[in-house]
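K.L.:
one predicted model, sequence on top.
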Amino acid sequence: MTQTHLPHNLLTNSYGFFFYPILVTKGEGLRMGDKARMQHGDPEGREEEERRWSSRSYNVGAVSSFLSTLVTFPIYKTIFRQQIHAFSIQEAIQQLRQEGMRRFYRGLFPPLLSKTLQGTLLFGTHDSLLLLLTSNPSEPCTLGERWTAGFLSGLVEALVLNPFERVQNVLQDGRKDARFPNTRSILREFNSYGLKERLVVGYYRGLSPVLLRNSLGSALYFSFKDPLRDGLAMRGLPSWLPALVSGSVNGTVTCLALYPLSVLIANMQSQVVGRDLLSLWQSVWSVWESHGRKLTLLYRGGSLLVLRSCLTWGLTTAIHDFLKENTGQKSLVE
């Protein structure tokens, strides 16, 4: 990372991102001296602002991910039930309806927190890594640089967020409601293990497929997001539409390509202890068997995944690019 105090930035940004856009609109985003230097074409001031931009992107990523997660949670929970039980859409919705509205938002807090942190880490570390990988930040990044930065940011994201996804998947498995009625009961179970089991069996269950899915997904997303957006922008579309379409198409294709890994992760991380706790390859075989050894059944939930991915990545990308432009580049000319 380009800043030695990055962990502090992550902590402050994850809680302070709500207030940052307000400060920017009041003219607090840049010191007056910085503005004056950049308005007079001072290269040193411009390079300093470019280097400072990566810390701002943590805030922007957090806001965009927070808002998109609130909108798409009901779709995500329906998909999860299809992944676990190989249900049709109607069967998954019927199961959720029988459980009632009181339990419909059960499991919201872990994905809301994890997705907000995901956006903070994903966009922030990607921009920071690009600054390390490129010798001249003002020049367009190459495909290899975007791929590498995306791949590494996905690894960081997976290592930090695996415990959140693990707790979330246990909470959303209706078969475990009686044993684990809330987040605290799951944490109590994991914390009762020894140190090694607490990590391998508890919080970091399913880490290998999570690392593979997140690193590849992040690399694909960042490799093609901006080129697709810029290509659409050249066609004279409304300013907000290219980012929305780019995020929707890119996110959907990436999620569909990696969907079997998500099914495997959901099944592995819903297992807790006892005979149901299978190894990686046992889990692969169990998922394949439970889905009738058919790829079509393995993609149960895929239709809703397309809808969710379009909404999630479209909204996240559009909000991210809008905030990035209006809290960063706009302030340079004020």
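P.N.:
Sure thing, it's come through.
K.L.:
just give the number of residues close to R146.
P.N.:
Residues near R146, counting by other Cβ atoms under 10 Å, number 24. The C-beta positions use only the backbone N, C-alpha and C, and glycine is treated the same way.
K.L.:
tell me the SS of it?
P.N.:
R146 falls in the helix class when you classify it by DSSP: H, G, I helix; E, B strand; the rest coil.
K.L.:
tell me if I'm right that it and S223 touch.
P.N.:
Yes - using Cβ atoms under 8 Å, R146 is in contact with S223, at 4.9 Å.
K.L.:
would you mind listing the buried residues in stretch 200-218?
P.N.:
Within stretch 200-218, the residues scored as buried using 16 or more other Cβ atoms under 10 Å are 201-207, 209-218.
K.L.:
ok, now stretch 185-194?
P.N.:
186, 190.
K.L.:
what do you get for stretch 165-175?
P.N.:
Buried residues in stretch 165-175, counted by 16+ other Cβ under 10 Å: 165-174.
K.L.:
now render those residues as CSV, adding pLDDT and distance to Q282.
P.N.:
Formatted as CSV, the buried residues of stretch 165-175 follow (pLDDT from 0 to 100; distance: Cβ to Cβ, whole Å):
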residue, pLDDT, distance to Q282
E165, 91, 20
R166, 94, 18
V167, 91, 22
Q168, 86, 22
N169, 91, 17
V170, 91, 19
L171, 87, 23
Q172, 83, 22
D173, 85, 18
G174, 81, 23
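K.L.:
among those, which are in helices?
P.N.:
In helices, defined here by DSSP state H, the members of the buried residues of stretch 165-175 are 165-172.
K.L.:
from the residues you listed, which is closest to S309?
P.N.:
Using Cβ to Cβ, E165 comes nearest to S309 of those, at 16.7 Å.
K.L.:
I'd say that closest one and L113 touch.
P.N.:
No - under the criterion of Cβ under 8 Å, E165 is not in contact with L113, lying 11.0 Å apart.
K.L.:
spit out the contact partners of the closest residue to E91 other than its chain neighbours.
P.N.:
Once flanking residues are discounted, E91 sits nearest to H85: 7.5 Å by Cβ to Cβ, 6 or more residues apart in numbering. Neighbouring residues of H85 by Cβ atoms under 8 Å, 6 or more residues apart in numbering: 91-92, 95.
K.L.:
L195 versus the residue nearest the centre of the chain, what's the distance?
P.N.:
Central residue of the chain (Cα atoms, centre = their mean): Q118, 4.2 Å from the mean position. Remark: distance between Q118 and L195 (Cβ to Cβ, to the nearest Å) = 26 Å.
K.L.:
same check, this time on S248
P.N.:
For S248, the distance to L195 (Cβ to Cβ) stands at 43 Å.
K.L.:
buried sites along the helix or strand hosting V263?
P.N.:
Using DSSP states H and E, V263 sits within helix 259-270. Residues of helix 259-270 classed as buried: 259-270 (neighbour count, 16+ other Cβ under 10 Å).
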